[in-house]
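Peer 1: need coordinates for the following:
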Amino acid sequence: MKIKRLAGRSLFYIFKFLLRPISILNHRLFMFFYIKLLKFGGIKFKGKPRYIGYNVIFDDFNLIEFGDRVVISDDCHFLTHDYSITTVLIYKKYNVVNDLAINRGICVGNNVFIGKKSIIMPNSIIGNNIIIGAGSIVRGYLEDGFIYSGNPAIKVKSLDSQYEKWLPLLESDFIRIDK
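Peer 2: Residues are numbered from 1 along each chain as shown. Next up is the predicted model:
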């Protein structure tokens, strides 16, 4: 089993490396091939992501699921394992021969934006229509329709209130249309 996983991961990173020039020249073409590569690795998609950064780190591909219209900024980490259980067991004088890990999945809903350098911890369920601020640490369940930020990520405001704030900007020079 370990050899099969190692071979799969090796192939993934070889092909990802080959996609690097495309990611620099044409991010839409890169996404077309990158999604296929992530599916090959085992990530489940329930729709089409808008963008997944080249430098995003995925732990166990088979434990990660993405909804439709997901944006994942660069340098995010999706962790599906937690080895801290070994530390607790040793502290409680439990006879630990080998390190133990708790492996749990991550599920990301539809229309989710995850800001740069965020870390998504094991057993996280991110609902629909959510913005996660850059550098946030997410653990647990995030309710639909809100902005979350911080370490740990907490609910900052609703998307309804953010919509009211950003509505006047639609007619300003601050908006750029990305084609």
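
Peer 1: what about Ala134, neighbour count?
Peer 2: Close neighbours of Ala134, defined as other CB atoms under 10 Å, add up to 13. All C-beta spots, glycine's among them, are computed from the backbone N, C-alpha and C.

Peer 1: the closest residue to it other than its chain neighbours: what's it in contact with?
Peer 2: In space, and not counting its chain neighbours, Ala134 is closest to Gly115: 3.4 Å by CB to CB, 6 or more residues apart in numbering. Counting by CB atoms under 8 Å, 6 or more residues apart in numbering, Gly115 makes contact with 73, 131-136.

Peer 1: what is the nearest of these to Ile85?
Peer 2: Comparing the contacts of Gly115 against Ile85 with CB to CB places Ser136 closest, at 23.9 Å.

Peer 1: give the contact list for that closest one.
Peer 2: Taking CB under 8 Å, 6+ apart as the test, what Ser136 contacts is 115, 118-119, 148-151, 153.

Peer 1: then Lys157?
Peer 2: So Lys157 contacts 146-147 (CB under 8 Å, 6+ apart).

Peer 1: now it: how far from Ala134?
Peer 2: Distance, Lys157 to Ala134, by CB to CB, to the nearest Å: 16 Å.

Peer 1: same question for Ile3.
Peer 2: In terms of CB to CB, Ile3 sits 38 Å off from Ala134.

Peer 1: please apply the same query to Asp75.
Peer 2: Counting by CB to CB, the gap from Asp75 to Ala134 is 9 Å.

Peer 1: identify the contacts common to those two.
Peer 2: 116-117.

Peer 1: what subset of the contacts of Gly115 is buried?
Peer 2: 73, 131-133, 135-136 (16 or more other CB atoms under 10 Å).

Peer 1: any weak-confidence spans in this structure?
Peer 2: 1, 179 (pLDDT under 70).

Peer 1: how does it divide into domains?
Peer 2: 1-41, 46-166 (automatic domain parsing).

Peer 1: which SS state does the residue of the chain most remote from its centre fall under?
Peer 2: Distance from the C-alpha centroid of the chain, by CA atoms, centre = their mean, peaks at Lys93 (35.7 Å). Under DSSP: H, G, I helix; E, B strand; the rest coil, Lys93 falls in the coil class.

Peer 1: where do the helices sit along this protein?
Peer 2: Remark: helices assigned in the chain by DSSP state H are 2-25, 27-41, 84-91, 159-166.

Peer 1: right, so of the ones you listed, which gets closest to Gly127?
Peer 2: Closest approach to Gly127 among the helices of the chain is made by helix 159-166 (11.3 Å; CB to CB).
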